[in-house]
Structures are given as C-alpha cells and as structure tokens.
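K.L.:
compute the structure for the input listed below.
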Amino acid sequence: MEIADLGSEVPEESAPIPLTEPAGGTPPVVSDVAQLREACDRLAAGSGSIAVDTERASGYRYWPKAYLVQVRREGAGTVLIDPIPLHEHLQPLAEVLSSAEWVLHAASQDLPCLAELDLHPPALFDTELAGRLAGYERVALGTLVEALLGYQLEKGHSAADWSKRPLPTDWLNYAALDVELLVPLREKLEAELSAQGKLDWAQQEFEAVRTAAPAPPRSEPWRRTSGIHKIRTPRGLAAVRAMWEARDELARKRDRAPSRVLPDSAIINAVLADPRTSADLQALPVFGGRVQRRYTNNWLRHLQAARTLPTAELPSLTVPNDGPPPPNRWADKDPVAAARLAAARAALTRIAQHHRLPVENLLLPDLLRRTCWRPPEDRSPDGVAEALRAGAARPWQVELTTVELSKALQATA
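P.N.:
Residues are numbered from 1 along each chain as shown. Model prediction:
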C-alpha cells in the first residue's frame, strides 16, 4: 500500500484510511549479525529522527525485556530486530541510535527494556506526552494518528506473547505499523505545541523522561497481591507473603509471568482456607489442576512456615509509607492540611484548564500532596518554588504553579 504525503492533513469529513500492512510490505526480522550490520548501514544512511518501539511479553514472561525492536528512519525504511539472539551484538545499532533523536510513544514504557540492551537515546520526543500537553483528551497512538494524520492503524496484538518464535506475519505487520507514522505524527505535534507556546514545556518533559533514574524496587511488593484486603491478621499477611515469595521464585526460574504460575486469587483463597493437607489444598480452585498438583508440597510448606513464624517477624497490618496518608483520611488526621490540599487542587485545576493541560501533567499529584501535607516553612513564592524544584518539578511547572500554590498554602496556614 502506498501512503501519499504522510505529513498532510486529511479533511475532517474524510473517513480515516485503514492501514493493514506497512507501505513497503512486511519487513523481514533481523536475527543474525550480518543482517544487523546491513540494516544499520541503511539506517545510518537515512536522515532525520528515528522512530523506535519495542514489543514485550508482559503477562507471559517474568522478565520485562524486549522481544522485538522496531526502528524506522526516513530513507531507510523499517527494520524489525530480534534482540534475543543478538543481545551481545547490538553495538552497530547502538551507534546508529546514538546519532539522532528518538521518537517513541509512551517512552517510559520502552526505555527500560531498551536500556537493558544498552540502547540509550541522545534526545527524545514522546508523542503520547506531546499529545497530553497539546490538550488531547485521548492520546493512544491510534487515536492521535487518526486525528492528526487521517490513518487508522491495525489493532489487536499489543498483548500477544511476543516471545513466540517464529512471529506470525500479521504480528510483524502490527509491529511495523507502530513506527510507520511516528515521525510524521511527531512533526504535527511539534507544530501544535509550538503554536500553543508549549514546545519548551514539552522539551523539558521529554528530557525528564530521558534522564529519569530507574524506579527503585518496592520494599514489600507482595502487598500488591490482588484481594489482600480480605486478609485481616498479621499471620494471614505472613502467609500471603510466603506464598507470594515462593511463587515469585518459581516464576523467576521458569521465566513465566507470576500470574501464570499461580493467580493472586489462588493465593488469597489458600490463605483464607488455611489447608493442612494435600487433599485440602487440592480441593481449592486452581490447586487441583494437573500442573498445580506438582507443587502442592511446595505451597503447603510455605503456608506451614507462616503458621510457625515468631510474632516479632510478622508483617504489620498497615502499609509502611514515608509519605502522606490517602487524601480521604486527611480531614480526620489533619483538617488544616486537608483545607490546604483542597485549595491547592482548585488553584491547579484552574491553571490546567486555562492552558488545556491535564492537571497531573501540570504538577505530579504525589508532589502536590507532599507539599500540602508538610508545606515548606517559607510559604512565599520563593519558598514554594524551592520546594517544588527539590521535588523534581520542571522549570515550566514551577513558573506556572508557584504563585497560586503559595496563595493556597498561606490562606490555610
């Protein structure tokens, strides 16, 4: 299919043009060193920004690594790279990608697995983030492509098991289309941001995403087990923790998503039922299955360990938290802080609406809550600005919010 003048606007009354396969046909998957060198030579000879995307196997595999890397550049076309056999041989790709701006959609989702491949952007344009700052309420890639370029992207394989080999042709088409229009979309969004006076804001946000440190590991990740609110005793929580950690170890060894090793619901059911024998456990949903019966003794052993754990080693019923409590509890715990938060939220909502921004992009909700729960000693604009900068707010955010936030904090002092 030929795609004419991707940068041109489609009249509003025109129906979107469906794209079911890439303009140049389905690209072959690059899976050996010779193919990679040839592909990188083509990319190096291309021009302009480089569209980048990845496909992972979330929900299937334990590790959130990339199982396909898609790259497209003007003059070079689209390259689909299988990083699994090439993991130790990606230096030619790293050299090409280090020479130009990357264009990604929802970059924070892809950058960690690309960093594991030692691929790092020298500059970044995030089309999802750009869409938010430009005032679009719906910023999915397909939605923005349709609104700004008039094309309808193929859907349906984002949640597929991308660790599968060989990858089906329709999956490869889907993956290639994810980068087919990223650069033209970038150009449209940059023009809109510039016209709205927001381009500098966006560039600050892109740089913050590009340079963000990896998220620290959660101190007690087992507490995120779905349904854990049903467990109301420390010993019950100890059993959830024991089961969760046993499942995590097994999932890690098998490189399977934990939910595919044992669903959260099964953990909660086992803790509530407190089975003492193999028959008791296998009578519960999930545990009677053919695969699960192989691990019966393993699950029982961890449940028994939780029953005999010394009291001093039992987890707390409350979640450790170094930040403020949930906002719905502020009125009881600190009515003055609750009033500060309400005033600050109202002020930021007005600013966000005036500039056609999502309020959460104007200032991170967590930073707002922390500032209102324990405001700076100096609540003048200078003092508030210093507190926001210390909380990693970008200069444009500080400039837009400091005065009104200072007023809110002082009015409720």
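
K.L.:
for residue 334, which non-adjacent residue is closest in space?
P.N.:
Using Cβ to Cβ, 6 or more residues apart in numbering and skipping residues adjacent in sequence, the residue nearest residue 334 is residue 373, 7.5 Å away. Every C-beta, even on glycine, is put in place using the N, C-alpha and C of the backbone.

K.L.:
quick one: residues contacting the one you found.
P.N.:
323-324, 330, 334, 337, 341 (Cβ atoms under 8 Å, 6 or more residues apart in numbering).

K.L.:
ok, it to residue 339 distance?
P.N.:
Taking Cβ to Cβ, to the nearest Å as the measure, residue 373 falls 12 Å from residue 339.

K.L.:
helices and strands around the biggest strand by length in the chain, which ones?
P.N.:
As assigned by DSSP state E, the longest strand anywhere in the chain is strand 47-55. With contacts taken as 3 or more Cβ pairs under 8 Å, 6 or more residues apart in numbering; DSSP states H and E, strand 47-55 sits against strand 68-74, helix 91-97, strand 102-104, helix 107-116, helix 169-180, helix 182-195.

K.L.:
most tightly surrounded among these?
P.N.:
strand 102-104 (a mean of 28; mean count of other Cβ atoms under 10 Å).

K.L.:
what packs against it?
P.N.:
Applying 3+ Cβ pairs under 8 Å, 6+ apart, we find strand 102-104 packed against strand 47-55, strand 124-126, helix 182-195.

K.L.:
can you tell which of those is closest to residue 390?
P.N.:
Ranking the helices and strands packed on strand 102-104 by proximity to residue 390 (Cβ to Cβ) places strand 124-126 first, at 24.3 Å.

K.L.:
strand partners (parallel or antiparallel) of the closest one?
P.N.:
strand 102-104 (parallel) (DSSP bridges).

K.L.:
what's the domain layout of the protein?
P.N.:
Under automatic domain parsing, the residue ranges defining each domain of the chain are 17-211, 221-313, 327-411.

K.L.:
now the ones you listed in a markdown table, with mean pLDDT and distance to residue 319?
P.N.:
Listed next are the domains of the chain as a markdown table, based on pLDDT from 0 to 100; distance: least, Cβ to Cβ, whole Å:
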| stretch | mean pLDDT | distance to residue 319 |
| --- | --- | --- |
| domain 17-211 | 96 | 24 |
| domain 221-313 | 97 | 6 |
| domain 327-411 | 96 | 13 |
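
K.L.:
tell me how far the helix or strand where residue 305 lies lies from the chain's centre.
P.N.:
Using DSSP states H and E, residue 305 falls within helix 296-307. Centroid separation for helix 296-307 versus its chain: 34 Å, with Cα atoms, centre = their mean, to the nearest Å.

K.L.:
turn the helices and strands packed on strand 47-55 into JSON lines, columns for distance to residue 203.
P.N.:
As requested, the helices and strands packed on strand 47-55 are exported to JSON lines (distance: least, Cβ to Cβ, whole Å):
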{"stretch": "strand 68-74", "distance to residue 203": "21"}
{"stretch": "helix 91-97", "distance to residue 203": "19"}
{"stretch": "strand 102-104", "distance to residue 203": "13"}
{"stretch": "helix 107-116", "distance to residue 203": "13"}
{"stretch": "helix 169-180", "distance to residue 203": "22"}
{"stretch": "helix 182-195", "distance to residue 203": "9"}
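
K.L.:
nearest to residue 368, of these?
P.N.:
Of all these, helix 107-116 sits nearest to residue 368, with 19.9 Å by Cβ to Cβ.

K.L.:
what's in contact with that closest one?
P.N.:
Residues contacting helix 107-116 (Cβ under 8 Å, 6+ apart): 52-54, 56, 64-66, 69, 104, 120-121, 124, 126, 128-129, 206, 209-210, 212, 214.

K.L.:
can you rerun that using 10 Å?
P.N.:
Under the contact criterion Cβ atoms under 10 Å, 6 or more residues apart in numbering, helix 107-116 has outside partners 52-56, 58, 63-67, 69-70, 83, 87, 94, 97, 102, 104, 119-121, 124-129, 206, 208-210, 212, 214-215.

K.L.:
how about stretch 231-240?
P.N.:
220, 222-223, 225, 227-228, 230, 264, 267-268, 270-272, 274, 302-309, 311, 313-317.
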